[in-house]
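>>> Quick one, structure for this:
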Amino acid sequence: MTLRVVLASDSFKSSLTAARAAAAMAEGFRRVRPDVVTELLPQADGGEGTLDTVLAARPDATVRTTTVPLPDGPHTARWLMLADDTAVVELAECCGLPLLGTADPAGADSAPLGTVLREALRADARRIVVGLGGSASTDGGAGCLRELGLRTTDPHGDDVPPGGAGLLAVTGADAANLSPPPPDGVLLLCDVDAPLFGPRGAATVFAPQKGADPALVRILDGALRRWADVVGAAPDVPGAGAAGGIGYGLSSYWGATMTSGARYLTELSGLPDRVPGAALVVTGEGRHDEQSYTGKVTGHVVQLAQQHGVPAAVIAGTVTTDRPGVTMLSLTDLAGSQHEAMNHPEHHLRHAAEQLAAELPAF
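Presented below is the predicted three-dimensional model:
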């Protein structure tokens, strides 16, 4: 009987793509158990790597590019057009955290995403799928919508400044010149189910990762509350807080539908059909914590394996949570330091995979 191991890793942010991570894992398994069949199915959940996952699954996809302005200069953002005139846009390619950094969490906005969406409309996309993970902004999607024609104003009728903090001054939103959505609608791939504001909201939970200190987190949360008062749509819909509230903005003004990016992309890649009968399912990411089980792909892969009674393992840069019956391996622990793990991730991924391979049953 041939053992089969499914390698369904997410990317390791700013260190390794999902494809390279899965390849390093496969090499580790082959070194110890050359008799084992490894199936590489790199994953994403709407964040970094979404376009690569779609490209691997859809041979009809063609790569388009759009130049967007960023604080450090022009950036060429990729997006995809499928044969059925569906455009696939990845926020992380346009204005993600690795591109913008954490220097200005108050002023970071989502305008570059709007620039790419506008370009997809000009290319006659009939439907747009947007991966929303990995944002640097907490602006409720106001910047993105501004690029699509929405005008946000303060009590004096002046334009509201860019960024999440600018929304503290917003009192009006004029959609008269807003571009309409494509005829077949917009689907948002969310990697979290957070509401727009509050204890589980976009600012409180995620803005600290984007450089916001506690005082700024409170300001951004208040700004999102004011934005919701102006927009008038329900702020507590699961996913409204995705990507700093872009989920809220696009669902409110474009009627976009939100769905689990992890579920959508695992199904697109064929993962649910490959889990049953596997000896082991391995996933991975840069940081594995409780948030991994609130819409992230690693949590979804673990749950998928458990549903089919298949053993699961997680290899991550750092691990701060656990799950009964799931093997968790930290590259930081294996490497001896986070610095070493980040500098040589593939080496330590291979080492981790070797450990997992050594524990497989012999046939």
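>>> Every contact and neighbour count from this point should use C-alpha atoms.
Fine.
>>> which residues in the chain form helices?
Assigned by DSSP state H, the chain shows helices spanning 18-32, 50-57, 91-95, 97-100, 111-122, 142-147, 214-231, 246-254, 261-269, 271-274, 297-307, 331-335, 338-343, 345-358.
>>> out of the ones you listed, which comes closest to Pro161?
helix 142-147 (9.4 Å; CA to CA).
>>> Can you pull out the residues in contact with that closest one?
With contact meaning CA atoms under 8 Å, 6 or more residues apart in numbering, helix 142-147 is reached by 109-115, 118, 152, 162-163, 178, 246, 249-250.
>>> 10 Å instead, please
Residues from elsewhere that reach helix 142-147 (CA atoms under 10 Å, 6 or more residues apart in numbering): 108-118, 137, 148-152, 160-164, 166-167, 173-175, 177-179, 227, 245-246, 248-250, 253-254.
>>> Could you give me the ChimeraX syntax to select whichever of these are buried?
Entered in ChimeraX, the line below selects the buried ones among the contacts of helix 142-147, by 16 or more other CA atoms under 10 Å:
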select :108,109,110,111,112,113,114,115,116,117,118,137,148,149,150,151,152,160,161,162,163,164,166,167,173,175,178,179,227,245,246,248,249,250,253,254
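>>> Quick check: which of the helices of the chain is buried the most?
Of these, the one with the most neighbours on average (mean count of other CA atoms under 10 Å) is helix 91-95, at a mean of 28.
>>> Grab the CA positions of it and hand them over as PDB.
Extracted as PDB, the C-alpha positions of helix 91-95 are listed here (Å, rounded to 0.1, in the frame of the first residue of the first chain):
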ATOM      1  CA  LEU A  91      -5.400  43.300  -2.500                       C
ATOM      2  CA  ALA A  92      -2.000  42.100  -1.300                       C
ATOM      3  CA  GLU A  93      -0.700  42.700  -4.800                       C
ATOM      4  CA  CYS A  94      -2.000  46.300  -4.900                       C
ATOM      5  CA  CYS A  95      -1.500  47.700  -1.400                       C
END
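>>> average pLDDT across it?
What helix 91-95 shows for mean pLDDT is 96.
>>> change the start of the numbering to 43 and stick with it
Right, with 43 as the first residue, what we last looked at is helix 133-137.
>>> Contacts for stretch 392-401, please.
47, 63-76, 78, 322, 324, 355-358, 369-373, 376-377, 387-388, 390-391.
>>> where does the chain dip in pLDDT?
43, 405 (pLDDT under 70).
>>> so what's the residue nearest the centre of it closest to, chain neighbours aside?
Nearest to the centroid of the C-alpha atoms of the chain, with distances taken as CA atoms, centre = their mean, sits Gly89, at 1.9 Å. Sequence neighbours aside, Gly175 is the residue nearest to Gly89 in space, at 3.5 Å (criterion: CA to CA, 6 or more residues apart in numbering).
>>> what's the answer for Ala217, then?
Leu192 (4.9 Å).
>>> Surely that neighbour is in contact with Val202?
No: the criterion here is CA atoms under 10 Å, and Leu192 misses it with Val202 at 11.3 Å.
>>> List the contacts of the residue nearest to the centre of the chain.
Gly89 neighbours (CA under 10 Å, 6+ apart): 52-53, 55, 132-135, 138, 172-177, 231-233, 285, 303-304, 338-339.
>>> hmm, 6 Å instead?
Gly173, Leu174, Gly175, Gly176 (CA atoms under 6 Å, 6 or more residues apart in numbering).
>>> Over to Leu155?
So Leu155 contacts Leu133, Cys136, Cys186 (CA under 6 Å, 6+ apart).
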